[in-house]
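1. Next come a sequence and a model predicted from it.
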Amino acid sequence: MKNDNATAAIAANFYALDTLLRQAAARVAEGIPYLDRGNNNAAIGAVLGLDDTLQDAHALYRAILTLHRSKGRA
């Protein structure tokens, strides 16, 4: 049963990680046209807060690894 729970948790975290990373990539892509037009301020504005998104993504990544490593225990 624990393995089933861990597998489900890993999958849920993977999907959440995918969502966050897609959002981060979209924000970066949103900033590029501003750079092409020489508007650095708008480009930076597009990625403000990206550090929080990436920290959340890292937390999900660590959770995935932790769950994977603990699947065989208990």
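-> Looks like it arrived, so ask away.

2. From residue 35, how far out is residue 20?
-> Computed as CB to CB, to the nearest Å, the residue 20 to residue 35 distance reads 23 Å. Glycine gets a C-beta too; all of them are placed from N, C-alpha and C.

3. So for those two, which residue has more residues nearby?
-> Ranked by neighbour count (other CB atoms under 10 Å), residue 20 and residue 35 place residue 20 first, with 19 against 13.

4. what helix or strand is that one on?
-> Element membership for residue 20 (DSSP states H and E) is helix 2-36.

5. Please identify the buried residues of the helix or strand where residue 52 lies?
-> Using DSSP H and E, residue 52 sits within helix 50-70. Neighbour-count burial for helix 50-70, counted by 16 or more other CB atoms under 10 Å, picks out 57, 60, 63-64, 67.

6. Nearest to residue 8 among those residues?
-> The closest of those to residue 8 turns out to be residue 67 (CB to CB; 9.6 Å).

7. Now do the closest one, the pLDDT please.
-> What the model reports as pLDDT for residue 67 is 95.

8. Residue 23 now?
-> 97.

9. Kindly report the same for residue 71.
-> On pLDDT, residue 71 comes in at 77.

10. was I right about it contacting residue 7?
-> Yes. Under the criterion of CB atoms under 8 Å, residue 71 makes contact with residue 7 at 7.4 Å.
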